[in-house]
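Peer 1: Just a sequence and a predicted model for now, questions to come.
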Amino acid sequence: MFVSGHELFAMPEFHRVYQWIRIEGTVGNRSHGEVWLRREGGKVGIVRTPERISVPGYFFTGENTGAGASIDARGKLIAYVSEDKPGDIVPFVIGPGRFRMRITPAAGPLSVSLHCGPLAMSRTGDGISPVLEFRQPALLGVVIAPRRGTAAIESVEFEPVTAAPTFRCTSGGERLVVGAADVSIGKREGDAWASAGSVVFGLQGLSVKLDHVTRTKSIELTVDNNDTYILQALLRGKPVALTRTISAQTNTRGLAIHTLSLASDDAPDGFDEIWMTPRAGDGHYSLGHLSLVP
């Protein structure tokens, strides 16, 4: 007895084992098509060895993105991603352990979003090549986009290391932490709430660590439009007078832009950290970008 296509697509096990990728033609009308591939093992899947986990770039052209893959001059199938069509892989299992992440070719600058399950990973240190720590097996999601133009992705590799981690999964009841550079790339109103570079966080909220104590006239940020947040500034771990309520904006979709004007007595000694804490919404919270206006 043979299983029909509709029955096969309805099976959760099928989607756990297989993923479709988008392949774009390079001649004629450059039509594209979707091809289903086995995700793990074989000649075209994710390869796991004691030395590394190697993820072919074309897996970043799946159902979550409009990015496509095509054959390059060497005859290799390469993913091509852009700001509007980021590389976005269906989450895969990784860990436990620490892994240094490398993107080949090493094109830049790139915006990379890392998710452990449904939430962004929390930053624990700085480094050119991210080192990810998993204390138990987890589903890792990765979104990659160039800050301008188009970038090619041949593979993304995760090499076991003992180096100090720069990202880790957020435990329950813990505020997620990111650096100012992690949310520095500007977003447009209406961009997808979980687009490349956006930080998705939970009810415990988000901490944005600034590079230094700052005084500013205003703060511009984008957040998921249908949620309400409390913004609180801190200096050396202690709250300052600067606090604002960011209300839901239901007249737009995706990310909504807010500009907050600051008074001279909001933070006379400056601040070096910003907390974003959800107060109402649908349970899915995100910060697209945050910039300080001198």
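Peer 2: Arrived safely. Numbers count the residues shown, from 1 in each chain.

Peer 1: Who does the most centrally placed residue in the chain form a beta bridge with?
Peer 2: Centroid-nearest residue in the chain, with Cα atoms, centre = their mean: Ser113, separated by 2.1 Å. In this structure, Ser113 bridges to Val143 when assessed by DSSP bridges.

Peer 1: who's in contact with it?
Peer 2: Applying Cβ atoms under 8 Å, 6 or more residues apart in numbering, one finds that Ser113 lies in contact with 120, 141-144, 196-199. (Glycine included, C-beta is placed from N, CA and C.)

Peer 1: I'd like to know how far it sits from Thr222.
Peer 2: 14 Å (Cβ to Cβ, to the nearest Å).

Peer 1: Equivalent analysis for Gly45, please.
Peer 2: Taking Cβ to Cβ, one finds Gly45 at 36 Å from Thr222.

Peer 1: same question, Asp191
Peer 2: Distance of Asp191 to Thr222, computed by Cβ to Cβ: 7 Å.

Peer 1: again with Arg48
Peer 2: Counting by Cβ to Cβ, the separation of Arg48 from Thr222 is 37 Å.

Peer 1: returning to that earlier point: please identify which of Gly45 and Thr222 sits among more neighbours.
Peer 2: Thr222 (26 against 18; other Cβ atoms under 10 Å).

Peer 1: any weak-confidence spans in this protein?
Peer 2: 1-5, 27-30, 172 (pLDDT under 70).

Peer 1: tell me the domain ranges of the protein?
Peer 2: 5-168, 176-293 (automatic domain parsing).

Peer 1: just to revisit the earlier point, what is in contact with Asp191 and Thr222 at once?
Peer 2: Shared contacts of Asp191 and Thr222, counting by Cβ under 8 Å, 6+ apart, come down to 255, 288.

Peer 1: quick one: the helices in the protein?
Peer 2: 5-9, 12-17 (DSSP state H).

Peer 1: and the residue lying closest to Pro165 once chain neighbours are set aside, how far is that from Ser171?
Peer 2: Spatial nearest neighbour of Pro165, chain neighbours left out: Glu133 (3.5 Å); criterion: Cβ to Cβ, 6 or more residues apart in numbering. Separation of Glu133 from Ser171 (Cβ to Cβ) stands at 12 Å.

Peer 1: who's more crowded, these two?
Peer 2: More neighbours surround Glu133 than the other of Glu133 and Ser171, with 22 against 9 (other Cβ under 10 Å).

Peer 1: was I right about the more buried one contacting Ala163?
Peer 2: No - using Cβ atoms under 8 Å, Glu133 is not in contact with Ala163, being 9.9 Å away.

Peer 1: hey, what's in contact with both of the two?
Peer 2: Joint contacts of Glu133 and Ala163 (Cβ under 8 Å, 6+ apart) are Arg98.

Peer 1: Any idea how many residues pack against Pro56?
Peer 2: Counted with other Cβ under 10 Å, Pro56 comes out at 23.

Peer 1: do the one 10 residues further on as well
Peer 2: When counting by other Cβ under 10 Å, one arrives at 13 neighbours for Gly66.

Peer 1: measure the closest residue in space to it that isn't next to it in sequence to Gly149 for me?
Peer 2: Nearest non-adjacent residue to Gly66, counting by Cβ to Cβ, 6+ apart: Lys85, 4.2 Å away. Noted for Lys85: a distance of 12 Å to Gly149, by Cβ to Cβ.

Peer 1: These two - which one has more neighbours?
Peer 2: Lys85 (17 against 8).

Peer 1: residues touching that one, list them.
Peer 2: 65-68.

Peer 1: between these, which is closest to Asn251?
Peer 2: Relative to Asn251, the closest of these is Gly66; by Cβ to Cβ it sits at 26.0 Å.

Peer 1: can I assume the closest one is in contact with Val81?
Peer 2: No - if you go by Cβ under 8 Å, Gly66 and Val81 don't touch, sitting 9.6 Å apart.

Peer 1: quick one on the thing from earlier: just the buried residues from the contacts of Lys85, in PyMOL please.
Peer 2: Remark: buried members of the contacts of Lys85, expressed as a PyMOL selection using 16 or more other Cβ atoms under 10 Å:
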select buried, resi 65+67+68
